[in-house]
Structures are given as C-alpha cells and as structure tokens.
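A.B. asks: coords please:
(chains A and B)
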Amino acid sequence: MPYSDATIQLLSPEGTIVSSDAADEYQPIIDALSDEQLREFHRTMVVTRRFDVEAANLQRQGQMGLWVPSMGQEAAQVGSGFAARKQDHIFPAYREHAIAMIRGVDVLDIVRMLRGVTHGGWNPVTSKNFHLYTLVIGSQALHATGYAMGIQLDGATATGDPDNDEAVIVYYGDGATSQGDVSEAFVFAASYQTPQVFFLQNNHWAISVPVSTQSRTPLYLRSTGFGIPGIQIDGNDVLASYAVTRKNLDEARAGNGPRFIEALTYRMGAHTSSDDPSKYRADAEVEFWATRDPIARFETYLRGRGEGDAFFADVATQAEDLALDIRQRTHEIETPSTDKMFDHVYSEPHPLITVQKQWLADYEAGFGA
Amino acid sequence: MTIDSMPMAKAINAGLREAMNNDPKVLLMGEDIGPLGGVFRVTEGLQAEFGEKRVLDTPLAESGIIGTAIGLAMRGYRPVCEIQFDGFIFPGFDQITSQLAKMTNRHEGHVTMPVVIRVPYGGHIGAVEHHQESPEAYFAHTPGLRLVSPSTPNDAYWMIQEAIQSNDPVMFFEPKSRYWPKGDVDRTASTFPLHATRVIREGTEVTLVGHGAMMAVLLQAAELAAEEGTSIEVIDLRSLSPIDYDPIIVSVQKTGRLIVAQEAPGFVSVGSEIAATVTERAFYSLEAPVLRVAGFDAPFPPAKLETIYLPDVDRVLEAVDRALAY
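C.D. replies: So this is what the prediction gives:
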C-alpha cells in the first residue's frame, strides 16, 4: 500500500468525497469548480487515454519508432494541468500528453516527434507556454527554475494579483529524483525563492527499476531538507491533483517560495513501446492499481452528482473522433527535407553548416543528373 | 581615440560593464563573482555597480548555473556564466552539450540561446589539479556552440561584448596566464569580427597558428627565428568554432608550411582539425606535412612539471626546423 496518513486524497477509489482535516482544507477549491469544469476534467482524461491507446497501436503498426504511454497517470496530469493558470509556464518531461492537450498543443506533434520527423514539435510561445518534452531525465528541472528566476527578475510575480502573477510548474518522474539536476534545481529554487512548483509523478517504476531503489524514504520528504515544503497526494485522484496544485502554485506566485508535490500514481503500461514490464513487475501490483483507476473513480463520482449517460456517450464519441483524426493524419505526416538537419543548428550563419548544407544539396542533385 | 593600457582581466571587466550598460537583459552569474569579484577578479566591482539582480552569486553547482541560464535565456535574458576553472566545467557538460547547444535546433528556431560561458583556461599559473586544463576540443566538437578565445586585452574587451550580442551560445575561453600582462585597449570601435582569424605577424617561410596564451609563445618563437634568418607568419585563430580558414589558406599558399600549436592535448583536437582541413584545401601548396605542437596526451601534470608539458618556444622552433627540413 503506497498511501500513508500524509497522502492527500479528496476522492476515494470508490468515487466518494473524502472527509478529513487535510481534505477539508482543499474542499473549497473543489467547491469553486463549475459542473462544466468537472466535465472537462473527465473529458480530457478519457480523450487522452484514447489518444494514448491509438498512438500505441500506430507504433505497433510501424508508424512510429517509439511510443511513450501515459495510461494510468491521467488524473495526476489533468488535475495539475488545469490547476496551472493561463500565464503559467509548464516544463514537461515526456509523458505529459494530457497537459499538452490542455494547453492546446496539437497532439499529432507528439506523434511527429516520436515518428522521427522532429526533435521538438511545437512552439512553446504559441502553445500556451507548454515547453518541449525533454528526454535527458531531470534536465528540464533546471530550465524551469531558471525560467522562474527570470519571471522574478521581471517583477512578473508576487504582485498580489493571482490572475496575472506568473509561476512555473515542472514535471518529472521518480527516476529523475535521483538525478543531480533535480537536486540542483531544488537548491537554486530555494536560494532564489522562485515562483514554481515541482510536480513529481511517482509512477513507481523508472523503466525496470522500482522506486525503492531511488529512495528509501517517501519522496515527498526529499524537498524538506532543501528548505522546500513537500506534500504527497493521491495522484489518481484528479480532484486532489487539481486542488493541491492550484493552492501551491498560488502560494508560489504569491511570493511564498517554491513547493514540491509528489503524486502517487502508476504507469499501467510499459515505460515505452520497447519495454516489457512482465520481466520485472508482478501482476498483483498491476491489478492493485487497476482498482484505483483514475478515470473509473471520477466517472463514479460524476454519476453520483447526477451526470447522465448522454455526457459519457458524448465523451466516448469525442475520443473516437480524435483517434480517427490522429490515425488519418499520422499517415499523412511527411518526411522533412534534408535541409532540416542544418536549419536552426545556429540562429546566425555558421560557415561549416552553410558549406555542408550546400555540399549535400549538390551531392543529392548529382544522382538526378 | 580612447586608448588605455590595461591587463586582460580588466579589459574583460570593462567589456562586461559596457555590455551591461547597453542591455538591461545582460546578467552575470557564477560562483564567487559578487563581492569577491570572481577568483580572478574579472567581475570586480560589477555587483556593487549593477546590484544583486544583475550579478548573481550562484550556489556552487555548474550544471545548475548553465541549466538555469538556459531558462533565463528562454525568458529573454542574456546570461553570462562564469565557470571558475577549466577543469570544473564538466559537471555542467550535459547542460552545455545536450541542452544549451541543441535548444535552438530542437525548437526549430522558435527559441534562441544567447548565453555566454566564460571559461578561464590553460596552464602557466602553477595551480593544482583541474585548474590548468584546456578543454576546448570537447565543445568545438559539439554542433550548436560557438567558441572564441582572445589573446590580447583589446580583443578580450571587444570579443566579450560581441559574444554577448550573439544570439547563439558562445563559449568564451579566457587564457588565464594572460589575465595580468597589460596591453593597449582601443575603446573607440571594434575593428575585427568575432569569428575572424587574424594575421598578427607577417612572414614568408612558415605559418604558425594558435590561440589564447599560445600566441605570446608563437610571437616569441617568430622573433627568435627571425634572428636566425627564418621568416615566420603568425596567425591568431581567435575563433575555434567556426574557424575562419581563409587567412590560414592564403598564408599556407605563401609559406607552404603550417604548424598548429596549442596547450591542449593533440589527439582529436582543434589543431588536428586544422591540420586535416588545410591538407584538404591547400594540399598542392604544402612543402611539408602540417605539424602539431601540443600538450602531451597525458593528464595535465602536477605544477612542477607544467613547463615541460606545455609547448614552449623551443618545442615550436624544433617543429619549425622539422618543417623546413622537408
């Protein structure tokens, strides 16, 4: 049982509202949500899962070299993703497909990246401040911290206006907590009291290595020694993810320094399409987490609030529509021209690049003559 | 014309001050660069002048310095990071080579990375392990980075400002043994582009190419050779990535002999790259193979052996003799 007395849970695995001192503190944030916002939580979780399944299938059909599944982690992502305000900057790891969707990224761009036609895929400036995926584990924690330092230097935070004050949220996993960069990011964030939230999705496995190898103490305790308050939530509870992230991002943007959230969740699928989890983890563990599925739990909750079949049918249709759209457009993705190798290596001309780009063009043209 | 005589450390200080006055987005960050002014005093007085928000004394973490500089650049700042010593750069290697260098490319041009990394480098100062190295080849090998190294106070004054103006990451290698000798600095205008090599002594029989602290050795070698009747041309690379080859090729077409000299180990180095390229581009002009004079392919030795390890005038002249013997 991964949960402890410290774990903040607002919605039980059975889909009922939890009452506790800790939960009651966050309940007003949930009470302020409209029915439409709650529906949007559910819709985004379901659509993301369908997208994830579709993309995994497309990988199996040879349309992508690799797929990175997010199944099981929808609540951690959707709750925290909606908790970020429009002016906030989000630095993902590489599995945050739901948050990409929330920030308006065309998720085909993720497919494009994993198909091998780009190393990036979208422009953070025009994608509602959703930054690029980063594959070197944990390195984005420092970029996020530097960005938060910049917000602070600009005076764009801690003015007392939560609708405009900016903050940063950075995502990473349990494996990344062992990386030096994540610790260094804690150090810098604490030193400069940056407006940011570190959001750890503890999905319990760093490829094949269990979280017990990364840490012998609960990870939410990690930050305290750095001078950053840490808090643990049930990451499969979208309400806890939303409320706790909302509150802590607002604390950070109010000038109260950085915060750390550990969301306990589970990677239901493989690390990537190249992985085989049957070699290292027990079925019983997967079954345990299946009973704590974030989407089923939230559906029960919404039905309890009177949400009817029509809504769920509508969401299912929307999910199928997206899957169809992704399937069709994946087949239409074009291989980039060879110029793409050379463009943007530098932002200003560089003779080596200029010469090699021209050489390759001449060489290729030679075959056509 | 405003000409002042000053050492390179002061010239860089003056260049940084100028850049900070010209652009409020220029920030300095590094270890001990505030009240202390850096271990070499290059940033002396700048925190007092510009405040703690423009001159950041950072935690002692090189990856942290570079990684947060990347985030600051994404936000529109132009960070100038000081790495305390050459051999301390490696904890920041991933952030420099896998993150900073590739960020513009990964973003397909949507993001630029105007970050300068100042690296005091090289030997001749009798220091302990990790304090006298020349690691430039690791970074010259990495697409996305620009590398420069001034050899005079005047170049240092202008090149640091031009590096800060670049929208690409620039690694600014400061030859620390040249921090103290004075030279004239003309503050009127820059007369040479950042990435241009420069012929600093004309000659007809052998071309010597180097960078940074090597230049003083090469000039001295040319002087001694002239006394013996050998005419040597000396070229200061100034830029290690990109390398401005045209003046080197023109020179080799004249002299027919090229010797590249550097403090760094010779194996897979900037000098080897120049040797290969000049052989390709000026093969029929060469009267002798391109020779390398370099640090030995051993770890930089304890200080009492450094004068043996580092290429000196005699090792350069020995190579000149070998080249002329063909």
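A.B. asks: quick one: name the residues of the stretch 51-200 of chain B near chain A.
C.D. replies: Applying C-beta under 8 Å from any C-beta of the partner chain, we find that the stretch 51-200 of chain B lies next to chain A at B:53, B:58-59, B:61, B:63-64, B:66-77, B:91, B:94-95, B:98-99, B:102, B:104-113, B:143-144, B:146, B:166-168. Placement of C-beta: from N, CA and C, glycine included.
A.B. asks: got a PyMOL select line for the buried ones in these?
C.D. replies: Those of these that count as buried under 16 or more other C-beta atoms under 10 Å in any protein chain shown are selected in PyMOL with:
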select buried, chain B and resi 58+61+63+64+66+67+68+69+70+71+72+73+74+75+77+91+94+95+98+99+102+104+105+106+107+108+110+111+112+113+143+144+146+166+168
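A.B. asks: map the structural domains onto the sequence of chain B.
C.D. replies: Using automatic domain parsing, the domain ranges for chain B come out as B:7-186, B:198-325.
A.B. asks: what ranges does the stretch 101-250 of chain B have for its strands?
C.D. replies: Using DSSP state E, counting those that start in this stretch, the strands of the stretch 101-250 of chain B run over B:116-121, B:146-148, B:170-175, B:182-186, B:198-201, B:206-210, B:232-236, B:239-241.
A.B. asks: which SS state does the residue in the stretch 151-300 of chain A that chain B sits nearest to fall under?
C.D. replies: Residue nearest to chain B within the stretch 151-300 of chain A: residue A:184 (3.7 Å; C-beta to the nearest C-beta). Using DSSP: H, G, I helix; E, B strand; the rest coil, the structure places residue A:184 in helix.
A.B. asks: that one and residue B:61 touch, don't they?
C.D. replies: Yes. Taking contacts as C-beta atoms under 8 Å, residue A:184 lies within contact range of residue B:61: 4.5 Å.
A.B. asks: could you look up the SS state of residue A:135?
C.D. replies: Residue A:135 ends up coil, using three-state DSSP.
A.B. asks: what's the burial count for it?
C.D. replies: 14 (other C-beta atoms under 10 Å in any protein chain shown).
A.B. asks: repeat for residue B:35
C.D. replies: For residue B:35, using other C-beta under 10 Å, the count is 12.
A.B. asks: which residue is nearest the middle of the chain?
C.D. replies: Just so you know, I chose chain A. Among the residues of chain A, the one closest to the centroid is residue A:96, at 2.8 Å (C-alpha atoms, centre = their mean).
A.B. asks: let me see the contact set for that residue.
C.D. replies: A:70, A:77, A:81, A:90, A:133, A:171 (C-beta atoms under 8 Å, 6 or more residues apart in numbering or on different chains).
A.B. asks: quick one: the fourth one is in a strand?
C.D. replies: By that I understand residue A:90. Yes. Counting by three-state DSSP, residue A:90 is located in a strand.
A.B. asks: ok, now how distant is the closest residue in space to it that isn't next to it in sequence from residue A:84?
C.D. replies: Nearest residue to residue A:90, sequence neighbours excluded (C-beta to C-beta, 6 or more residues apart in numbering or on different chains): residue A:130, at 5.0 Å. As defined by C-beta to C-beta, to the nearest Å, residue A:130 lies at a distance of 9 Å from residue A:84.
A.B. asks: what of residue B:209?
C.D. replies: Taking C-beta to C-beta, one finds residue B:209 at 53 Å from residue A:84.
A.B. asks: of these two, give the one with the bigger neighbour count.
C.D. replies: Counted by other C-beta under 10 Å, residue B:209 and residue A:84 do not tie: residue B:209 has more neighbours, with 29 against 24.
A.B. asks: is the more buried one in contact with residue B:258, as I believe?
C.D. replies: Yes. Between residue B:209 and residue B:258 there is a contact under C-beta under 8 Å: 6.7 Å.
A.B. asks: quick revisit: may I ask which of the contacts of residue A:96 has the most neighbours?
C.D. replies: residue A:77 leads the contacts of residue A:96 on contacts (other C-beta under 10 Å) with 31 neighbours.
A.B. asks: could you list every helix and strand in contact with the helix ranked longest in chain A?
C.D. replies: Identified as the longest helix of chain A according to DSSP state H is helix A:35-60. Packing partners of helix A:35-60 (3 or more C-beta pairs under 8 Å, 6 or more residues apart in numbering or on different chains; DSSP states H and E): helix A:74-83, helix A:97-102, helix A:108-115, helix A:238-251, helix A:294-304, helix A:309-331.
A.B. asks: can you do 6 Å?
C.D. replies: Applying 3 or more C-beta pairs under 6 Å, 6 or more residues apart in numbering or on different chains; DSSP states H and E, one finds that helix A:35-60 contacts helix A:74-83, helix A:97-102, helix A:294-304, helix A:309-331.
A.B. asks: quick one: it to helix A:108-115, angle?
C.D. replies: Here helix A:35-60 runs at an angle of 20 degrees relative to helix A:108-115 (axes from the mean of the first three to the mean of the last three C-alpha atoms, to 10 degrees).
A.B. asks: for helix A:35-60, buried residues please.
C.D. replies: Here helix A:35-60 shows A:38-39, A:41-56, A:58-59 as buried, counting by 16+ other C-beta under 10 Å.
A.B. asks: need the contact list for residue A:23.
C.D. replies: Taking C-beta atoms under 6 Å, 6 or more residues apart in numbering or on different chains, we find residue A:23 in contact with residue A:10.
A.B. asks: I'd like the helices and strands packed on helix A:35-60 as a markdown table, with distance to residue A:117 appended.
C.D. replies: Formatted as a markdown table, these follow (distance: least, C-beta to C-beta, whole Å):
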| stretch | distance to residue A:117 |
| --- | --- |
| helix A:74-83 | 25 |
| helix A:97-102 | 17 |
| helix A:294-304 | 31 |
| helix A:309-331 | 11 |
